[in-house]
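S.K.: coordinates only, sequence not included:
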Ligand code: TXA
Ligand code: MG
């Protein structure tokens, strides 16, 4: 059983116990503004190996390294002017930059899956304070079994990984609710590797140029971990539903017309007034709740593909993708 520490009630204890646990090479459940991470010392190969083992994650899928601020990040990676501008505008926050790794950085190749680049993010709030206290980068994927739904509360982490880790820090529900947006600057172009908690339009506004997207959402591995089937609940997932049947739970966005709604096993409102930020914050928790209704299928009504809707639809397409 993992020990829980509430970071609002016991911030100092949380920092002390967490830094001691990390120094032992053990991963911890760590709240960030996007989702909960499974965090370990990015310079310690045994600690990183435990992340892969705990999640059942393929080792060719690199981990995001979390830093306390831009100055710390510059010790580990090389910034081009566009990436620096984005870091200054959006860190701390839900943006991950893929950058050339400094050869003497000390980040272990297990964390980057041997690539010559590293994904770096500066999280908001407590996680940043913890990294400052620990004074080393923390490698942290989302705190869920590989392929399953990401955790947005300490209880989600406990339900999934509680038997396999010793410490979970509790900060309540994650504010953003979907993972960070990942971009990589290449030949003066900003490539969107994963839509996420920072809307692409925000990045375009600051950069003064359009992001380069993949032609279509495909199974091709762009950010190496972006396999087609991912974020999978136990139930099947169906998108753009305009009607429901008796073995389905409906997750609704806004107030769409849905035929047969009285037959649904349950109806959950991601955001009754059509707010995409609220929908993102609720998304993973509602998928778990819908799964718990026992319905064979979770049907989602249409969600617009703008703002945070791009990240929500990306996750839903993966949840709906054929499973192996
Ligand atoms: O919000 C988030 O990003 C959360 C929190 C915990 O920070 N973390 C997260 O990590 O979502 P994870 O491991 O579930 O997803 C990381 C993604 C993977 O798709 C991985 O392939 C990609 O980032 N990635 C990491 N390093 C990369 C690199 N050097 N080049 C390309 N993609 C990379
Ligand atoms: Mg993940």
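M.R.: Sure thing, it's come through. Since the model is a prediction, treat every value here as computed from it, not as a measurement. Ligands and ions are numbered 1, 2, ... in the order given.

S.K.: okay, now the unreliable bits of the stretch 201-324 of the chain?
M.R.: 215-228, 324 (pLDDT under 70).

S.K.: how about the helices in this protein?
M.R.: For the chain, the helices defined by DSSP state H occupy 11-23, 45-55, 70-76, 81-90, 109-112, 126-134, 154-161, 200-207, 276-292, 309-320.

S.K.: enumerate the residues of the chain near ligand 1.
M.R.: Residues of the chain lying near ligand 1 by CB under 6 Å from any ligand atom: 32, 34-35, 37, 61-64, 96, 98, 112, 115, 117-119, 121, 140-142, 179-180, 182, 193-194, 223-226. For glycine as for every other residue, the C-beta is placed from the backbone atoms N, C-alpha and C.

S.K.: restricted to buried residues, select the residues you listed in ChimeraX.
M.R.: Only the buried entries of the residues of the chain next to ligand 1 go into this ChimeraX selection, using 16 or more other CB atoms under 10 Å:
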select :32,34,35,37,61,62,63,64,96,98,112,118,119,121,140,141,142,179,180,182,193,194,223,225,226
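
S.K.: now intersect the residues of the chain next to ligand 1 with the strands, please.
M.R.: Among the residues of the chain next to ligand 1, the members falling in strands (DSSP state E) are 37, 64, 96, 98, 117-119, 121, 182, 193-194.

S.K.: max pairwise distance over those: which two?
M.R.: Greatest spacing in these, by CB to CB: 37 and 117 (19.6 Å).

S.K.: would you turn the helices of the chain into TSV with distance to residue 169?
M.R.: Converted to TSV, the helices of the chain look like this (distance: least, CB to CB, whole Å):
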stretch	distance to residue 169
helix 11-23	5
helix 45-55	16
helix 70-76	20
helix 81-90	24
helix 109-112	21
helix 126-134	7
helix 154-161	7
helix 200-207	28
helix 276-292	18
helix 309-320	24
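
S.K.: how about stretch 13-24: buried residues?
M.R.: Residues 14-15, 17-19, 21-22 are the ones in stretch 13-24 that count as buried (16+ other CB under 10 Å).

S.K.: residue 321 contacts residue 229, doesn't it?
M.R.: Yes. Under the criterion of CB atoms under 8 Å, residue 321 makes contact with residue 229 at 4.3 Å.
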